[in-house]
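Novice: Predicted model and sequence follow; I will ask about them next.
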Amino acid sequence: MNWVIQYIRESQAEYPTISKTPAEVMEHLLFTIGNGYEIKNGNFYIQEKYKKEIPLNELIEKQKTKEKWEEYYNSYKGMFSFIEDFGESEDDYIREQFKEQYDKLVSVDNYTEEELKTKKTWSKIIKKMEYIPLLQLSSGHHDFCQLNEKTDKKLLEISIPFAEAMLDFYKKISKLSEEELKKTGELVMEYKYYKNSFQTSIEELEKDLKKLKS
């Protein structure tokens, strides 16, 4: 089992409204400050009970099986189990609400492990994101910049092509005019702010990728 894919699968199963594609999950893990994890020696850790730190990959590998999580968002029984877990009343309205959330998922299981190791696949997934990801990267303040030669190989094999696809996406969108950007429905802040944020993120991604590949 590839624990990174399992992590994406679990995130989509538990948080379908904010993890509609695998790209949202990777963006949160690698580029969001306060993602709930510590990173040491290039690897993610989570603090369990009694302040014991456990490597994220070990925690994921010990959790529910792939089949269990697939059931959560691929079957009616899964919808029922999900609602029961959260103590919701088992009426038709709630079931339909959850079912709709899962029906809209671009599931990680639509892709093979080998496909998820390619920039081409991630570029396709990023295009399916509901919103333009405004990364707002700054030097030393996101976890992707802390990946290194000690980072788990499975994480690097998926993280690098994802970051490369994000870089290409940002380079493309940074060239849009104000009117073109408005058409995306994402111009919620000043155009100048967007452009500056895109450029800063491009520079940071280029620097981080160059370091990882050296």
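Specialist: Thanks, I have it.

Novice: Could you use CA atoms for every contact and neighbour count after this?
Specialist: Will do.

Novice: Going by neighbour count, list what's buried in the longest helix along the chain.
Specialist: Criterion DSSP state H: the longest helix present in the chain is helix 191-213. Within helix 191-213, the residues that qualify as buried by neighbour count (16 or more other Cα atoms under 10 Å) are Tyr194, Lys195, Ser197, Phe198, Gln199, Thr200, Ser201, Ile202, Glu204, Leu205, Asp208, Leu209.

Novice: contact partners of that helix?
Specialist: Helix 191-213 is contacted by residues 134-139, 144-145, 147-149, 160, 163-164, 167, 170-171, 174, 178 when judged by Cα atoms under 8 Å, 6 or more residues apart in numbering.

Novice: from these, which would you call buried?
Specialist: Buried residues within the contacts of helix 191-213, counting neighbours by 16+ other Cα under 10 Å: 135-137, 144-145, 147-148, 160, 163-164, 167, 170, 174.

Novice: related to what we said a few turns ago, could you give the separation of the longest helix of the chain from the chain centroid?
Specialist: 18 Å (Cα atoms, centre = their mean, to the nearest Å).

Novice: try stretch 7-18
Specialist: On Cα atoms, centre = their mean, the centre of stretch 7-18 falls 9 Å from the chain's centre.

Novice: my read: Leu155 touches Gln6, true?
Specialist: No: Leu155 is beyond contact range of Gln6, at 11.4 Å (criterion: Cα atoms under 8 Å).

Novice: Need phi/psi at the residue nearest the centre of the chain.
Specialist: Taking Cα atoms, centre = their mean, the centroid of the chain lies closest to Val25, which sits 1.8 Å from it. For Val25, the backbone dihedrals are phi -70, psi -50 (criterion: degrees, to the nearest 10).

Novice: Hmm, Tyr15 and it touching each other?
Specialist: No: Val25 lies out of contact with Tyr15 (Cα under 8 Å); the separation is 9.5 Å.

Novice: For this protein, which segments count as helices?
Specialist: Counting by DSSP H, the helices of the chain are 3-14, 22-31, 56-62, 66-74, 76-85, 92-103, 119-127, 153-173, 178-182, 191-213.

Novice: Near Ile158, how many other residues are there?
Specialist: For Ile158, the neighbour count with other Cα atoms under 10 Å is 21.

Novice: Grab the nearest non-local neighbour of it.
Specialist: With Cα to Cα, 6 or more residues apart in numbering as the criterion, Ile158 has its nearest non-adjacent residue at 4.9 Å, and that residue is Lys117.

Novice: Many thanks, I have nothing further to ask.
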